[in-house]
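Enquirer: Structure of the sequence below:
(one chain, ligands or ions: 1)
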Amino acid sequence: MPLMPNREEILELLRQTGAWRQGHFILPSGLHTDHFFQLPRAMRYYDNVRRLGVALSRLLRDVPRVTQSLPHCTVVAPASGGIPVAFAVRDALNAEQVVWAERQAGRLYFRPFTAVQKGDQCILVDDLILTGTTLERLIRLVWDHGGEILVVAVLVDSGIRVFRPGPIPVVRLVEFQTRAYPDAARCDLCRAGVPAVAVEF
Ligand SMILES: [Zn+2]
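Expert: Numbering: from 1, shown residues only. Take a look at the predicted model:
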């Protein structure tokens with residue numbers, strides 16, 4: 001695969017590695033969906049990390065505030081799926097540094113010696129937007145530390161929920177239109193008799 005894959009090549013990469021599956025899934029939250037994403041399955045292989053990171057970085061170079069701020073940018077990831085994305089993007093953009101949050105009991109925080117500093121120009125990245133809750137928490141955390149957020153960038157947006165964090169632009173390498181149902185009683189796939197697979201993250 002070329003270093004600059006097109007959409008079809010990216011989908012094929014996700015499918016082949018099992019990072020993206022189509023069917024009928026029951027998520028740990030109880031949600032029923034027709035797509036399931038497990039991006040770490042693709043990111044186990046460094047070549048994929050590089051390819052996806054380069055492709056995402058090309059989209060980031062189209063964001064004026066990013067090009068104006070480079071190379072003095074901090075790439076920030078929530079734990080833990082976003083960390084390989086952050087290093088790949090840092091490498092492709094030649095940004096200054098990578099910072100990642102830790103997670104404890106659902107809460108995100110920075111360790112004191114690697115926290116975002118006041119005035120840092122931040123590119124927030126993650127592998128996947130499922131509901132957007134993690135990135136919303138990361139946005140608040142970066143703002144609490146006085147960082148400026150230039151953009152949010154993800155490899156995959158599931159499309160389960162509209163993620164629009166106010167004035168912050170969002171860049172997505174691939175966007176899906178996942179159908180999600182709150183439970184079996186309201187699931188079209190259950191009604192159609194499609195066998196369901198219970199999945200874990
Ligand atoms: Zn169902």
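Enquirer: The ion contacts on the protein?
Expert: By CB under 5 Å from the ion, the residues of the chain that approach the ion are 32, 187, 189-190. Using the backbone N, CA and C atoms, a C-beta is placed for each residue, glycine as well.
Enquirer: In this structure Thr134 contacts Asp126, no?
Expert: Yes - with contact defined as CB atoms under 8 Å, Thr134 counts as touching Asp126 (6.6 Å).
Enquirer: hey, what's in contact with both of those two?
Expert: Taking CB atoms under 8 Å, 6 or more residues apart in numbering as the contact rule, Thr134 and Asp126 both touch Pro78.
Enquirer: before we move on, back to that, can you turn the buried part of the residues of the chain next to the ion into a PyMOL selection?
Expert: In PyMOL syntax, the buried subset of the residues of the chain next to the ion is picked out as below (16 or more other CB atoms under 10 Å):
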select buried, resi 32+187+189+190
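Enquirer: of the residues of the chain next to the ion, closest to Ala153?
Expert: His32 (28.6 Å; CB to CB).
Enquirer: Can you name the residues bridging to that closest one?
Expert: His32 has these beta-bridge partners by DSSP bridges: Ile26, Tyr181.
Enquirer: ok, now which ones touch it?
Expert: Applying CB under 8 Å, 6+ apart to His32 gives the contacts 24-26, 180-184, 187, 189-190, 196.
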